[in-house]
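Asks: below: sequence and its predicted model.
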Amino acid sequence: MYRTHTCGELRLSNLSEMVTLAGWVQRVRNLGGMTFIDLRDRYGITQLVVDDASSEEVKACASSLGREYVIQATGSVLERSSKNNKIPTGEIEIAVKELRILNVADTPPFTIEDNTDGGDDLRMRYRYLDLRRNPLKNALMLRHRMAQVTRNFLSGENFMEIETPYMINSTPEGARDFLVPSRLNPGKFYALPQSPQTFKQLLMVAGYDRYFQIVRCFRDEDLRADRQPEFTQIDCEMSFVEQEDVLNIFERFAKTLFKDVLGVEFDYDFPRMSWHEAMEKYGSDKPDIRFGMEFCNISDEVNGKDFVVFDSAEYVGAIVAEGCASYTRKQIDSLTDFVKRPQVGAKGLVWIRIDEAGIKSSIDKFYTADELAAIAAKCGAKVGDLILILAGEKKHTLSALNVLRLEMGDRLGLRDPKKFAPLWVVDFPLLEWDEETQRFYAMHHPFTSPKPEDVQYMDSDPGRVRANAYDFCCNGVEVGGGSVRIFDSQLQQKMFNLLGFTPEQAEAQFGFLMNAFKFGAPPHAGIAFGFDRFCSLFGGSESIRDYIAFPKNNQGRDVMVDSPTSIDPAQLVDLGIKMVENNQ
């Protein structure tokens, strides 16, 4: 036996016990007559003591230790004379009787500390060392706990965990697929699933009325802080349910996660907001409602005053930054520079300040004090507030105003990561029009059902049709989303027609599903939560990378194992693949 206890286990109740610990050397402090060794494993740190009473063999071994050596120590538990209240084992130490080096270690390329000196690239290259640090250990422990609670809750609700295939057919709609060539079927390719969508619907046809899995999914898309090419979903589907049933059960699921993992309880129903309301008030379909600062459309109030910026704009929107009338010119210039960045794309920023001296604005020459006061009244601004205004094409301006609102929320400390404000966003458009390709695309996916009352508009006014779809959002993050599915073959065919699928294309890509529907498909609906995002939300981070043991970097590379990499030419020959130069 290498150990009798872990390094985070011993307390004063273990005094005088003879114990054996094993782990990694965190640090060694040689004080002449005494040597202190901090021994670490994933459970914690325990202090070892080698002193004059120790054998010469133990002293010699202790003097040879380096950082991250793997050792085994046997000794008795003593009460520390100088206690450390920062760690759970800080009241005891081990008087070492036997000490053995199990494995030596090279000096790590960065310090294995909570606040390390290693940069992102270096830590990604030595990810197995980075995983020894407490921040990543705690992140993975949180992920494990959330997975446990998820399985327990869904199993308790009669959901069955069923695995679906990883090698499937390619569906060009949506993000790019990762493709896998088939050696046994020359010229043919599998695709890695972007989601188990069609398979979980087939499980409903098969009669498994409550399905879930915590499943790996794959998308070949540009990366950012909350995206990885391979990611994990909590994937769920139910038969004989309507939207209300799904929202009710998965609101209970979310509340259970918050309570059991974080100790956060909600004694109210989560708010529900239509997609249209979310866009008009927040410029986002995943609004952060931890704070107010809702948009105010002031287009009617500002038009016709010979200020060409407003007169030529499709939309003029404002937010009120409470208590910010004292902002200096430098602070306002900083905000102006912020909104003019390419990532935001606004052409400028207009402001109105309301203080004890009156009302002032960057557009004083175009608007009288009374007209500015009317704008302030429309926005609900009071003395001490600062109104920030953007103008332009409506869709783009709503998006820019959303970014400005979130920036002000950050600057004013209104986005506490330990405060949670969940909500459901519902009634999304079924379709969205793409000007470049001059066609409709499914806002969610081709199997999303339209609202029954809107089916009548699918031929005459497709853009008016609302989807029977819903997103679970929290703190400005889309954590999950789903929809009631189409289970009628004729309605599904109408949807394919709207999306520009020819009958042959629809048959080639989804014929197996359409054929299954002919054998009695039940009404069904589902939802999928981004598990990595859920974990990062609970952990208070904007990046999902720390909650994945071995993530890719921003270029989709795993620099630790040097992946992706070139393939042996013999393997390409086996697959019937010839490499050609890509000049794009």
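Replies: Looks like it came in fine.

Asks: can you give me the helices in the stretch 451-584 of the chain?
Replies: Remark: helices assigned in the stretch 451-584 of the chain by DSSP state H, counting those that start in this stretch are 489-498, 503-517, 531-539, 569-575.

Asks: winner for burial among those?
Replies: Greatest average neighbour count among the helices of the stretch 451-584 of the chain goes to helix 531-539 (a mean of 23), per mean count of other C-beta atoms under 10 Å. C-beta coordinates here come from the backbone N, C-alpha and C atoms, glycine included.

Asks: helices or strands next to that helix in the packing?
Replies: Secondary-structure packing of helix 531-539 (3 or more C-beta pairs under 8 Å, 6 or more residues apart in numbering; DSSP states H and E): helix 134-156, strand 230-239, strand 477-484.

Asks: mind running it again at 10 Å?
Replies: helix 134-156, strand 210-218, strand 230-239, helix 243-257, strand 469-474, strand 477-484 (3 or more C-beta pairs under 10 Å, 6 or more residues apart in numbering; DSSP states H and E).

Asks: closest to Asp333 out of the ones you listed?
Replies: Nearest to Asp333, of all the helices and strands packed on helix 531-539, is strand 477-484, at 30.6 Å by C-beta to C-beta.

Asks: re the thing from before, so which of the helices and strands packed on helix 531-539 gets nearest Val580?
Replies: So among the helices and strands packed on helix 531-539, strand 210-218 is nearest, using C-beta to C-beta, at 24.2 Å.

Asks: what angle separates the closest one from helix 531-539?
Replies: 90 degrees (axes from the mean of the first three to the mean of the last three C-alpha atoms, to 10 degrees).

Asks: just put the helices and strands packed on helix 531-539 in TSV and tack on distance to Asp364 and mean pLDDT.
Replies: Output for the helices and strands packed on helix 531-539, formatted as TSV (distance: least, C-beta to C-beta, whole Å; pLDDT from 0 to 100):
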stretch	distance to Asp364	mean pLDDT
helix 134-156	50	98
strand 210-218	54	97
strand 230-239	51	97
helix 243-257	49	98
strand 469-474	39	98
strand 477-484	40	96
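
Asks: Throw the ones you listed into TSV and include distance to Glu68 and mean neighbour count, thanks.
Replies: Shown next, in TSV, are those (distance: least, C-beta to C-beta, whole Å; neighbours: other C-beta atoms under 10 Å):
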stretch	distance to Glu68	mean neighbour count
helix 134-156	15	16
strand 210-218	31	20
strand 230-239	29	23
helix 243-257	35	18
strand 469-474	38	25
strand 477-484	36	22
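
Asks: what about Gly304, neighbour count?
Replies: 9 (other C-beta atoms under 10 Å).

Asks: pLDDT value on the residue lying closest to it once chain neighbours are set aside, please?
Replies: Nearest residue to Gly304 in three dimensions, chain neighbours excluded: Asp311, at 6.8 Å (C-beta to C-beta, 6 or more residues apart in numbering). Reported pLDDT at Asp311 in the predicted model: 94.

Asks: then the one 3 residues further on?
Replies: In the prediction, the pLDDT value recorded for Glu314 is 96.

Asks: and Asn583, by the same measure?
Replies: 67.

Asks: what residues are up against Thr35?
Replies: 28-29, 48-51, 54, 58-59, 62-63, 65, 96 (C-beta atoms under 10 Å, 6 or more residues apart in numbering).

Asks: list just the nearest of those residues to Val580.
Replies: Closest approach between the contacts of Thr35 and Val580, by C-beta to C-beta: Leu65, at 55.5 Å.

Asks: burial of that closest one, as a residue count?
Replies: Leu65: 21 neighbours (other C-beta under 10 Å).

Asks: that one reaches Val28, doesn't it?
Replies: Yes: with contacts counted by C-beta atoms under 10 Å, Leu65 reaches Val28, the gap being 5.2 Å.

Asks: so which of the contacts of Thr35 is the closest to Ala105?
Replies: Nearest member of the contacts of Thr35 to Ala105, counting by C-beta to C-beta, is Leu65, at 9.8 Å.

Asks: okay if I get the contacts of Thr35 as a markdown table plus distance to Tyr128, pLDDT and secondary structure?
Replies: A markdown table is the format used below for the contacts of Thr35 (distance: C-beta to C-beta, whole Å; pLDDT from 0 to 100; DSSP: H, G, I helix; E, B strand; the rest coil):
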| residue | distance to Tyr128 | pLDDT | secondary structure |
| --- | --- | --- | --- |
| Val28 | 22 | 96 | strand |
| Arg29 | 26 | 95 | strand |
| Leu48 | 24 | 98 | strand |
| Val49 | 30 | 97 | strand |
| Val50 | 29 | 97 | strand |
| Asp51 | 34 | 94 | coil |
| Ser54 | 32 | 93 | coil |
| Val58 | 30 | 96 | helix |
| Lys59 | 32 | 95 | helix |
| Ala62 | 26 | 96 | helix |
| Ser63 | 28 | 95 | helix |
| Leu65 | 21 | 97 | coil |
| Val96 | 28 | 97 | strand |
